[in-house]
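Q: Starting from these lines, generate the structure:
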Amino acid sequence: MADVKSQLGKRIRELRKLHGISQEVLAEKVGIEQNNISRIENGVNYPSAENINQIALALNVDISELFKFRHHKSYEEIYDELLTIIQDEKNARLLYKFFITLNN
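A: Predicted coordinates:
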């Protein structure tokens, strides 16, 4: 099973392609370099909470759509993994709230 960083990157790539947007255009809309989008999509880098928000806006989707990838982990397991990845409980709680909305 791929980690959250890889799954998020794949989902962003999937949505970007679905909307017909290049990495360059997405990077410009988010306000970061194209190579950062590439690293995010390849699961090398994890986007900040602000960049996640900007990516969702650029793709015209709700933030929760970025996290609708196929997995068999519980939300609690994903929360723990996110907390480890981002090392910032405030951002982890924000992202966890988005996972909760997926249940509704």
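Q: which parts of stretch 29-45 are buried?
A: 30, 32, 36-37, 39-41, 43, 45 (16 or more other C-beta atoms under 10 Å). (Each C-beta comes from the backbone N, C-alpha and C, glycine too.)
Q: Now the two most distant members of these.
A: Val30 and Gly43 (17.2 Å; C-beta to C-beta).
Q: so what pLDDT did Tyr96 get?
A: On pLDDT, Tyr96 comes in at 74.
Q: let me fix that: Phe67
A: At Phe67, pLDDT is 88.
Q: what sits against it?
A: The contact partners of Phe67, by C-beta atoms under 8 Å, 6 or more residues apart in numbering, come to 8, 11, 95, 98-99, 102.
Q: what's the spatially closest residue to Asn51 that is not a sequence neighbour in contact with, if anything?
A: Leaving aside its chain neighbours, Asn51 sits nearest to Val30 (5.9 Å; criterion: C-beta to C-beta, 6 or more residues apart in numbering). Counting by C-beta under 8 Å, 6+ apart, Val30 touches 37, 51, 54-55, 58.
Q: buried ones in stretch 48-59?
A: So for stretch 48-59, counting by 16+ other C-beta under 10 Å, buried means 51-52, 54-56, 58-59.
Q: re the thing from before, turn the buried residues of stretch 29-45 into JSON lines, including secondary structure and pLDDT.
A: JSON lines is the format used below for the buried residues of stretch 29-45 (DSSP: H, G, I helix; E, B strand; the rest coil; pLDDT from 0 to 100):
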{"residue": "Val30", "secondary structure": "helix", "pLDDT": "96"}
{"residue": "Ile32", "secondary structure": "coil", "pLDDT": "96"}
{"residue": "Asn36", "secondary structure": "helix", "pLDDT": "96"}
{"residue": "Ile37", "secondary structure": "helix", "pLDDT": "97"}
{"residue": "Arg39", "secondary structure": "helix", "pLDDT": "97"}
{"residue": "Ile40", "secondary structure": "helix", "pLDDT": "96"}
{"residue": "Glu41", "secondary structure": "helix", "pLDDT": "95"}
{"residue": "Gly43", "secondary structure": "coil", "pLDDT": "92"}
{"residue": "Asn45", "secondary structure": "coil", "pLDDT": "93"}
